[in-house]
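>>> Structure for the following, please:
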Amino acid sequence: MFFVEQDKHSDEQIRDILSLKKVVVIGMSKHSSKAAHYVPKYLSDNGYDITPVNPTAEEILGKKCYDSVLEIDEDIEIVDIFRPSDQVLSVIQDAIKKKPKVIWLQEGIHNSEAEGLARKEGIKVVYNRCMLAEHQRLLL
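Here you go, the predicted model:
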């Protein structure tokens, strides 16, 4: 295992980001024991509007699953990514087309090239942080 440093956002900036409520979760899992399931479930239980992206599922948590972020017609505030770091570039390239305010790479996920592309488009990038942990740490 290698160490991935965390982004440099302040607590105030993370609080502002967490005030956004429309979250697309790329790589959301059907399996309740996986972080890619229980993190978005926690967010949903705490007032976030979750839209799952998982090409192997039709529905998760009673919500329609999409095969790709590109299929989603509604506005997106946060794209929360649960994919391996080496798969993030293509995911972020697609996400950029939807013009989210924030791309959030979950704990252990970091891809400098992809993050740079998003920042060039004016999208905030959070990496190597868990939305559940940050929400509990800063808001509850």
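
>>> For the chain, which segments count as strands?
Here the chain has its strands, by DSSP state E, at 22-26, 49-53, 59-60, 63-64, 78-81, 102-105, 124-126.

>>> For the one residue sitting closest to the centre of the chain, list the residues it contacts.
Taking C-alpha atoms, centre = their mean, the centroid of the chain lies closest to D80, which sits 0.5 Å from it. When contacts are counted by C-beta atoms under 8 Å, 6 or more residues apart in numbering, D80 is found next to 23-26, 39-40, 104, 106, 131. Bear in mind the C-beta positions are built from the backbone N, C-alpha and C, glycine included.

>>> now the helices for the protein?
The residue ranges that make up the helices of the chain, judged by DSSP state H, are 11-18, 35-45, 88-97, 112-120, 131-139.

>>> Show me what the first one is packed up against.
Packed against helix 11-18, as judged by 3 or more C-beta pairs under 8 Å, 6 or more residues apart in numbering; DSSP states H and E, are the following elements: strand 124-126, helix 131-139.

>>> now those as CSV including mean neighbour count?
What follows is the helices and strands packed on helix 11-18, written out as CSV (neighbours: other C-beta atoms under 10 Å):
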stretch, mean neighbour count
strand 124-126, 20
helix 131-139, 15
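
>>> So for V53, which of these sits nearest?
When those are compared by C-beta to C-beta, helix 131-139 sits nearest V53, at 15.2 Å.

>>> tell me the contacts of P52?
Contacts were defined as C-beta under 8 Å, 6+ apart; by that measure P52 touches 24-25, 28, 40, 60-61, 63-66.

>>> pLDDT score assigned to the nearest residue to I123 once chain neighbours are set aside?
Beyond its immediate neighbours in the sequence, the residue positioned closest to I123 (C-beta to C-beta, 6 or more residues apart in numbering) is I103, lying 5.7 Å away. In this model, I103 is scored at 98, pLDDT.
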